[in-house]
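Chemist: sequence and computational prediction follow.
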Amino acid sequence: MFKRIDIYIIKKFLGTYVFSIGLIVVLAVVFDLNEKIDKLIENEAPAKAIIFDYYLNFIPYFSNLFSPLFTFIAVIFFTSKLADNSEVIAMLSSGMSLNRLMRPYMFSALVIAVANLLLSSFIIPPANVKRIKFQNTYIKNKGVDFAHNIQLKVDSNVIAHFDSYDKPTKTGSSFSLERFDGKTLKSRLTATSIKYDTLHHWVVKDYLIRNLAGKQEQIKRGSSLDTTIAIEPTDFLISLGDQEKMNTPSLHKYISKQVKRGFANIKAFEIEYHRRFAMAFASFILTTIGISISSRKVKGGMGVNIGIGLGLSFAYILFMTISSSFAVSGLTSAAVAVWIPNVIFSGLALYLYSKAPR
């Protein structure tokens, strides 16, 4: 399937990619530790937890987050070196077309894209659980333990409402559960308080149930009632970074469930879901841009190409961040906001590829 030249390019590409990740990750860990060292000492974080719970999980998270940057750097660096040594000229002069030269590059990009998708979908989310828990314990607690004025759909015709909910005590106040038949109210349960027990199992205190049948009304009172309600505290207690803890199938299931319930505070989850696929696809776009820029031998040497490459890669990451804010503000859907940079940079990639030396 691959000839010797293909194996040579694939090894160079992936080898440079891994090397650049290793180099930048070391710098990132040093800077991150320097920034957080005061908090870690102040909160007496154990060395074992710092290494195994935080940094061992921080490294794959950081590497995958900036994978487009590493991909671009790898392509620009080793292709510029090939061009500087006149190896690209030799390949094209021997009759190899630029399309043929792209084959090992695209295969390498495919390897990186699949690895990124698998990491972000199944490996990094459980690692983020430990990393975020460590941050909330020893650095800064960004968890949400309290919410008020909560309203959501339990089912297509069932609406639940909490005046407030406290996570440490697992208790909500002023709870109501209303069942409708079309637009007609059929029953209403109100309770002074409600406590979460286990999955979908709740206990209501000082409750009143009103069942309505036409002009007739049945009322039932009680001090305590065990009941099953298809909601959990995680459905409405959303902390910063919760979306990063879910694998992709769970994230998709969660988004679908919340959309059906009419819950609005899920933009971060939608952005995270689409970002995982968009970032993987970016490997092909940035690889194409990289080879188009760096395959030409320039007077300034590889330094010029590396400078251009770094500028474009940081522009892509910045553009991705800015476009994501469009979804948060409601200007566009999450899918459109996340894929805007890929669409624009795809056009740039096609233009630069058409101008690349042949």
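Modeler: Yes, it's here.

Chemist: the helices in this protein, which residues?
Modeler: Secondary structure of the chain (DSSP state H): helices located at 4-42, 47-48, 56-65, 67-84, 87-93, 98-118, 124-134, 248-260, 267-294, 302-329, 334-355.

Chemist: TSV for the ones you listed, including distance to Phe236?
Modeler: Using the backbone N, CA and C atoms, a C-beta is placed for each residue, glycine as well. As requested, those are exported to TSV (distance: least, Cβ to Cβ, whole Å):
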stretch	distance to Phe236
helix 4-42	29
helix 47-48	35
helix 56-65	26
helix 67-84	33
helix 87-93	57
helix 98-118	30
helix 124-134	19
helix 248-260	9
helix 267-294	13
helix 302-329	19
helix 334-355	20
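
Chemist: quickly, which of the ones you listed bottoms out on average pLDDT?
Modeler: Mean pLDDT across those is lowest at helix 302-329; the value there is a mean of 81.

Chemist: show me what that helix is packed up against.
Modeler: Counting contacts by 3 or more Cβ pairs under 8 Å, 6 or more residues apart in numbering; DSSP states H and E, helix 302-329 is packed against helix 67-84, helix 267-294, helix 334-355.

Chemist: and Met102, which of those helices is closest to it?
Modeler: helix 267-294 (6.7 Å; Cβ to Cβ).

Chemist: quick one: list the elements packing against the closest one.
Modeler: Using 3+ Cβ pairs under 8 Å, 6+ apart: helix 267-294 touches helix 67-84, helix 98-118, helix 248-260, helix 302-329, helix 334-355.

Chemist: nearest to His148, of those?
Modeler: Of all the helices and strands packed on helix 267-294, helix 248-260 comes closest under Cβ to Cβ, at 18.6 Å.

Chemist: for the chain, longest strand please?
Modeler: Looking across the chain with DSSP state E, the single longest strand is strand 184-198.

Chemist: for the helices and strands packed on helix 302-329, give me TSV that also has distance to Phe180 and mean neighbour count.
Modeler: As requested, the helices and strands packed on helix 302-329 are exported to TSV (distance: least, Cβ to Cβ, whole Å; neighbours: other Cβ atoms under 10 Å):
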stretch	distance to Phe180	mean neighbour count
helix 67-84	48	24
helix 267-294	27	23
helix 334-355	30	17
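
Chemist: which one of those lies nearest to Asn99?
Modeler: helix 334-355 (9.5 Å).

Chemist: and the angle from the closest one to helix 302-329?
Modeler: Counting by axes from the mean of the first three to the mean of the last three Cα atoms, to 10 degrees, helix 334-355 points 160 degrees away from the direction of helix 302-329.

Chemist: about what we covered before: mind putting the helices and strands packed on helix 267-294 into TSV with distance to Ala47?
Modeler: Formatted as TSV, the helices and strands packed on helix 267-294 follow (distance: least, Cβ to Cβ, whole Å):
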stretch	distance to Ala47
helix 67-84	29
helix 98-118	30
helix 248-260	32
helix 302-329	32
helix 334-355	38
